[in-house]
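Novice: just to be clear, the model below is a prediction. Sequence and coordinates:
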Protein chains: 2
Amino acid sequence: MKQTANYPIAIVDDHFLFASSLSKLVNSYESFTVQFQATNGKDLQQKLETAEQLPKIILLDIKMPVMDGFETAVWLQEHYPDIKILALSMEDDENTILRMLRLGANGYLLKDIHPDKLKVALEEVIQKGFYHTEKVAEHLLHSLHQPAKPDKDDFRENELIFMQLASTEMTYSQIASEMNLSPKTIDGYRHELFNRLEVKNRVGLVMYALKNGLIEF
Amino acid sequence: MKQTANYPIAIVDDHFLFASSLSKLVNSYESFTVQFQATNGKDLQQKLETAEQLPKIILLDIKMPVMDGFETAVWLQEHYPDIKILALSMEDDENTILRMLRLGANGYLLKDIHPDKLKVALEEVIQKGFYHTEKVAEHLLHSLHQPAKPDKDDFRENELIFMQLASTEMTYSQIASEMNLSPKTIDGYRHELFNRLEVKNRVGLVMYALKNGLIEF
DNA sequence: CTCAAAAACAGGCAAAACCCCTTTTCCACA
DNA sequence: TGTGGAAAAGGGGTTTTGCCTGTTTTTGAG
């Protein structure tokens, strides 16, 4: 048996089948061993507290119930800054990637990569501290030329509520009473948002909000 | 080494990392061996043609580029009716499940199941010819009480085009000229759809169409 | 070829959406 | 404490949408 360093890995993904399969794959790499799996951020918190040994790298899914990848990354940065985070996601949405990297992820892998890349990624994160695929780099470069997509933080609470309600069949005056505001204030919200987002009408506003994840549908 | 039956399996999933990981898992079951992986339906077609041995079961993802799970299931039914299909998806949307089962899938697994269930599912499909989790059964029972969600086939081509255009910032008269129809005809489409879909206005129509996958956004 | 169903088209009217500009209210902060 | 800027509210308009009640044209089965 060869004597090589063996790094403990944790996998956080709500898709149990995927997480388990991925474990098998990671365990087949001789330098890495999956220490535990968690199904969301909360679950991870508990498992880290009771762990006798901390994982070196956490493979972190983004879309999860209860506590998603973003929240988890923030929490990890605060409580376990030494653990490297490798985000693992299907979303190749530029905003998502950027957001995750800004939150301190040491790499961003798309779930459709070749398994060999995962091994390389793990190794590079251990050695260099980070890893990025060409695809992610490409996306990042692209996003430099593309105007930044908006975030929920770019809007006031009332604006978000208004947009959510604008996506229903309510008239503006109904929205006004729902929000305990004058119809004229709603008129103002609309005008302001139309201008800022460069949309021409209510449908345009709703589609914009949906496309950018500002409202649920 | 125990001497047990060994069934060949094929995996069709565009997420290469998941497919590869899943292979490891399936290969760890002594009665099953992954014969090949494909990244979409087209890819599967080619690999089946050149395969010296046909897989007994195909683990089939639904959302895939090029040729998705639905198309693939139809094609398989026609060309290789003996191969069992186990649909494997994240969507627990009732319509999707029903549609897949109607297209001849012998089982429907959600990607967040426990890996043990996959083993059971594979075994049962071999023995009984089908397998369904409680969750799927539950969804199916639920769908009996829930009115059936609409399909693209429930709409005429023009209605779908109209709905797609209604989700833009165009006015109805602009939509009319875009579709080379009189504004009054568009008026008629709208009236008809509002009635049938029980929506009150354009936003309601657009949201309905989006929720039911009738239009892209 | 015939005829009934459907699809397309139409006028008119009220309501809602949209637009521009002004005034009041509120609150942070100097 | 009063003041400047932002949020809220208002007045008064045009355009678009939504909803009737119809008529004409197209389509397709027999």
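Specialist: Ah, there it is.
Novice: for residue A:217, see how far away the residue nearest to residue A:172 when sequence neighbours are not counted is.
Specialist: Nearest non-adjacent residue to residue A:172, counting by C-beta to C-beta, 6 or more residues apart in numbering or on different chains: residue A:186, 5.0 Å away. For every residue, glycine as well, the C-beta is placed using N, CA and C. For residue A:186, the distance to residue A:217 equals 20 Å [C-beta to C-beta, to the nearest Å].
Novice: the more surrounded of those two?
Specialist: Each of residue A:186 and residue A:217 has its neighbours counted (other C-beta atoms under 10 Å in any protein chain shown); residue A:186 has more, 23 against 12.
Novice: that one reaches residue A:176, doesn't it?
Specialist: Yes. With contacts counted by C-beta atoms under 8 Å, residue A:186 reaches residue A:176, the gap being 4.6 Å.
Novice: quick check: phi and psi on the residue nearest to residue A:193 when sequence neighbours are not counted?
Specialist: Leaving out its chain neighbours, the residue that sits closest to residue A:193 by C-beta to C-beta, 6+ apart is residue A:205, at 5.9 Å. Dihedral pair for residue A:205: phi -60, psi -50, per degrees, to the nearest 10.
Novice: contacts only, for the residue nearest to residue A:172.
Specialist: Residue A:186 sits next to A:162, A:172, A:173, A:175, A:176, A:179 when contact means C-beta atoms under 8 Å, 6 or more residues apart in numbering or on different chains.
Novice: now swap in residue A:175 and tell me
Specialist: A:162, A:165, A:166, A:186.
Novice: neighbour-wise, which one of the residues you listed leads?
Specialist: Top of the contacts of residue A:175 by neighbour count (other C-beta under 10 Å): residue A:162, with 27 neighbours.
Novice: can you tell me the closest non-neighbouring residue to it?
Specialist: For residue A:162, the spatially nearest residue (C-beta to C-beta, 6+ apart) is residue A:189, at 4.9 Å.
Novice: I'd say the one you found and residue A:159 touch.
Specialist: Yes. Counting by C-beta under 8 Å, residue A:189 touches residue A:159, with 6.2 Å between them.
Novice: between those two, who's got more neighbours?
Specialist: The neighbour comparison of residue A:189 against residue A:159 (other C-beta under 10 Å) goes to residue A:189, with 22 against 17.
Novice: what secondary structure does that one sit in?
Specialist: helix (DSSP: H, G, I helix; E, B strand; the rest coil).
Novice: in terms of pLDDT, where does it sit?
Specialist: According to the prediction, residue A:189 has pLDDT 94.
Novice: show me what contacts it?
Specialist: Residues counted as contacts of residue A:189 (C-beta under 8 Å, 6+ apart) are A:158, A:159, A:162.
Novice: before we move on, the earlier item: which of the contacts of residue A:175 sits closest to DNA strand D?
Specialist: Nearest to DNA strand D among the contacts of residue A:175 is residue A:186, at 7.5 Å by C-beta to the nearest atom of the strand.
Novice: pLDDT at the closest one, what is it?
Specialist: Looking at residue A:186, the pLDDT reads 94.
Novice: buried ones in stretch A:125-138?
Specialist: If you call a residue buried by 16 or more other C-beta atoms under 10 Å in any protein chain shown, then stretch A:125-138 has these buried ones: A:125, A:126, A:131, A:132, A:133, A:135, A:136.
Novice: my read is that the fifth one contacts residue A:114, right?
Specialist: Think residue A:133. No. Using C-beta under 8 Å, residue A:133 is not in contact with residue A:114, being 10.0 Å away.
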